[in-house]
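Asks: Sequence first, then the predicted structure:
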Amino acid sequence: MPTLPPQPPQNAAPPQYPAARSSGQWSVPWEGPTPPSEPEPRTKSKRGRRALIVVLAAFVLIAGLVVGQLARPVPEPTVELTLASSHAFPGQAPTLPWPSAGQSVVQVDGLGTMGSSGGAVPIPTASVAKVMTAYVYLLGHPLKPGEAGPVLTVSPQAAAQIPMRKQRGESLLGVTANQRLTQRKALEALLVISANDVAHELARWDAGSTPAFVAKMNATAKSLGMTGTRYTDPSGYDSQTVSTAADQVKLLQAAMNIAAFAEIVNTRAYVPDDGGPSREGGNFILGRNGVVGGKTGYTDAAGGNFVFAARKTVRGVNTLIVGAVMGQDSPTAAGAVNTAESLVVAAGSALVAKDLAPKGARVARVDDGLGTTTPLRAASPVTVIGWPGLTVRVGVTGDPPHQAPNGDRIATVKAGAAHVPLELARPLNDPSLLNRLTRLP
């Protein structure tokens with residue numbers, strides 16, 4: 001058998017082939033089998049470049065997300081109440097001593113109407129109309145508390161009308177041509193002694209003529225939601241000037257928010273600047289049972305009318321009781337004033353209180369919009385005032401900043417007539433970096 005050539009061992013190195021064969025004198029290229037080419041190695045540089053590109057792309061993406069999240073404006077913080085949003089007083093609504101004639105309404109500022117009687121058909125107002133006259137004039141000519149205001153000169157026209165007004169039995173200051181009155185004294189004459197002559201002068205001083213001023217009175221009534229009211233003159237002497245008790249309560253509530261008006265209707269007598277005798281006003285219950293203001297009115301067509309305001313403090317909460325009694329069958333306004341006093345006493349006695357939270361209790365919180373809340377504590381007891389059968393809404397108002405120190409007052413709990421400041425129970429800070437980075441769109 002032929003002998004097989006020896007086989008190289010399995011792990012032997014590959015044979016080495018010369019590039020040429022030579023006899024010593026000549027040389028030709030090797031004609032044997034072509035030496036196998038060695039495989040080209042995979043370079044680490046290619047793999048490294050690809051990995052680097054992936055890393056850089058991921059870094060750019062992450063950096064973009066971070067920058068985008070941090071560049072987005074943070075939400076405005078909001079205030080949330082942690083108390084119950086209402087409180088219902090148990091029991092049945094009180095029955096007040098309503099008059100048998102005319103119409104009447106009693107309302108507590110911040111709480112609503114305690115009751116009413118007699119319907120809501122517009123009836124003559126008599127001199128109660130002067131509340132609107134004063135209100136419109138003060139809106140156009142503001143008067144600071146205690147300030148006398150500008151000096152006004154009475155027109156000859158007003159003086160010339162005095163004999164006619166006396167003959168009709170109107171209530172008057174008795175102005176004279178070129179008489180000088182400060183704004184405050186004019187308003188005192190209007191509201192304390194119910195001077196019709198001054199009412200018409202105020203209309204001319206403000207709008208140039210009575211019709212122009214009456215137009216302003218009606219526009220203001222509309223803006224206050226006085227849907228049953230129509231004015232035809234600034235004094236109320238004209239029986240075509242009509243309103244309802246409910247409308248007059250709306251007006252008096254608005255007027256009592258003007259400090260100068262509240263000061264003047266809380267004045268017992270008109271004392272002229274010229275040293276003349278003082279004249280008592282018609283509100284003879286002023287200062288009794290918390291009564292702090294009012295305006296009387298009487299004509300044969302209207303009967304006795306009276307609008308009134310009284311303050312009552314219950315468990316540290318100050319309330320304002322506002323009411324109107326109109327169309328009373330009496331020879332003067334006194335019948336309406338006496339009826340009003342009975343209503344004031346009964347309404348004040350019907351008010352009760354309930355403590356919802358003590359001073360220092362955490363009753364609300366600030367939410368930064370990104371998951372973090374900061375508690376707010378009551379700066380004084382949260383006490384709600386009402387009467388049996390009434391449900392009072394409880395809410396919170398405030399426009400909190402992004403940052404504030406512990407103890408800053410930045411919100412208010414409103415519980416009917418009660419307004420309680422709220423303090424930060426700890427410092428208020430901007431949203432954390434982590435919350436800003438991890439927030440969802």
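Replies: That came in fine, so what should we check first?
Asks: where does the chain dip in pLDDT?
Replies: Across the chain, the ranges flagged by pLDDT under 70 are 1-44, 61-72, 74, 432-441.
Asks: any idea what sits nearest the most centrally placed residue in it, other than its immediate chain neighbours?
Replies: With distances taken as CA atoms, centre = their mean, Thr397 lies nearest the centre of the chain, 7.9 Å away. Leaving out its chain neighbours, the residue that sits closest to Thr397 by CB to CB, 6 or more residues apart in numbering is Thr412, at 5.4 Å. From N, CA and C alone the C-beta is placed, and that goes for glycine too.
Asks: Can you list phi and psi of the closest residue to Thr244 other than its chain neighbours for me?
Replies: Counting by CB to CB, 6+ apart, the nearest residue to Thr244 once its immediate chain neighbours are dropped is Gly228, at 4.0 Å. Comment: the main-chain dihedrals of Gly228 come out as phi -100, psi 20, following degrees, to the nearest 10.
Asks: Please work out how many residues are found near Gly228.
Replies: Burial of Gly228 is recorded as 16 neighbouring residues (other CB atoms under 10 Å).
Asks: dump the residue contacts of it.
Replies: Contacts were defined as CB atoms under 8 Å, 6 or more residues apart in numbering; by that measure Gly228 touches 120-122, 242-244, 246-247.
Asks: where do the helices sit along the chain?
Replies: Along the chain, the segments classed as helices by DSSP state H run 44-71, 130-140, 156-160, 162-167, 183-191, 196-207, 210-223, 245-256, 259-265, 334-350, 433-438.
Asks: sorry, back to before: check contacts around the residue nearest to the centre of the chain.
Replies: 79, 411-412, 414.
Asks: separation between Gln167 and Ala378?
Replies: Counting by CB to CB, to the nearest Å, the gap between Gln167 and Ala378 amounts to 62 Å.
Asks: and those two? which has more neighbours close in?
Replies: Neighbours per residue, other CB under 10 Å: of Gln167 and Ala378, the larger number sits with Ala378, 22 against 8.
Asks: okay, now the residue lying closest to Pro99 once chain neighbours are set aside: neighbour count?
Replies: Excluding the flanking residues, the one nearest Pro99 by CB to CB, 6+ apart is Thr339, at 4.8 Å. Neighbouring residues of Thr339 were enumerated by other CB under 10 Å; the total is 23.
Asks: contacting residues for the nearest residue to Val242 once chain neighbours are set aside?
Replies: On the basis of CB to CB, 6+ apart, the spatially nearest residue to Val242 that is not a chain neighbour turns out to be Pro122, at 4.0 Å. Residues near Pro122 by CB under 8 Å, 6+ apart: 228-230, 242-244.
Asks: Tell me how far Pro122 lies from Met132.
Replies: Relative to Met132, Pro122 is positioned 14 Å away (CB to CB).
Asks: same question, Leu224
Replies: 9 Å.
Asks: For those two, indicate the residue with more neighbours.
Replies: Each of Leu224 and Met132 has its neighbours counted (other CB under 10 Å); Met132 has more, 30 against 16.
Asks: In space, what's closest to that one - neighbours in sequence excluded?
Replies: The shortest distance from Met132 to any residue that is not its chain neighbour, by CB to CB, 6+ apart, is 5.1 Å, and that residue is Met217.
Asks: do the same with Ala350
Replies: Sequence neighbours aside, Pro94 is the residue nearest to Ala350 in space, at 3.9 Å (criterion: CB to CB, 6+ apart).
Asks: Could you double-check that Val413 lies in contact with Ala84?
Replies: No - here Val413 does not reach Ala84: they are 11.6 Å apart, not a contact under CB atoms under 8 Å.
Asks: joint contacts of the two?
Replies: Among the neighbours of Val413, those also in contact with Ala84 (CB under 8 Å, 6+ apart) are Val394.
Asks: between these two, who's got more neighbours?
Replies: Counting neighbours by other CB under 10 Å for Val413 and for Ala84 shows that Val413 has the greater number, 27 against 9.
Asks: if we can go back for a sec, list residues touching both of Leu224 and Met132?
Replies: Leu251.
Asks: Give me the distance from stretch 419-435 to the chain's centre.
Replies: In terms of CA atoms, centre = their mean, to the nearest Å, the centre of stretch 419-435 is found 22 Å from the chain centre.
Asks: List the contacts of that stretch.
Replies: The list of residues contacting stretch 419-435 from outside it, by CB under 8 Å, 6+ apart, reads 70, 74, 77, 79, 362-364, 366, 368-372, 374-382, 396, 398, 400-413.
Asks: How about the contacts made by the nearest residue to Arg288 once chain neighbours are set aside?
Replies: Across the structure, with CB to CB, 6+ apart as the measure, the residue nearest Arg288 apart from its sequence neighbours is Glu341 (7.0 Å). Glu341 sits next to 285, 288-289, 291 when contact means CB under 8 Å, 6+ apart.
Asks: Quick check: ChimeraX command selecting the buried ones in these.
Replies: Selecting in ChimeraX just the buried members of those, where the criterion is 16 or more other CB atoms under 10 Å, is done with this command:
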select :285,289,291
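Asks: how about JSON lines for the contacts of Glu341, with distance to Val325 added?
Replies: Below are the contacts of Glu341 laid out as JSON lines (distance: CB to CB, whole Å):
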{"residue": "Ile285", "distance to Val325": "12"}
{"residue": "Arg288", "distance to Val325": "16"}
{"residue": "Asn289", "distance to Val325": "15"}
{"residue": "Val291", "distance to Val325": "13"}
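Asks: Grab the two from the contacts of Glu341 that are most spread out in space.
Replies: Spatial extent of the contacts of Glu341 (CB to CB) is set by the pair Ile285 and Asn289 at 7.1 Å.
Asks: Quickly list what's touching both of these two.
Replies: Overlap between the contact sets of Ile285 and Asn289, as judged by CB under 8 Å, 6+ apart, is given by 341, 344.
Asks: Where do the domain boundaries of this protein fall?
Replies: Following the assignment in automatic domain parsing, the chain carries domains at 74-88+355-438, 120-350.
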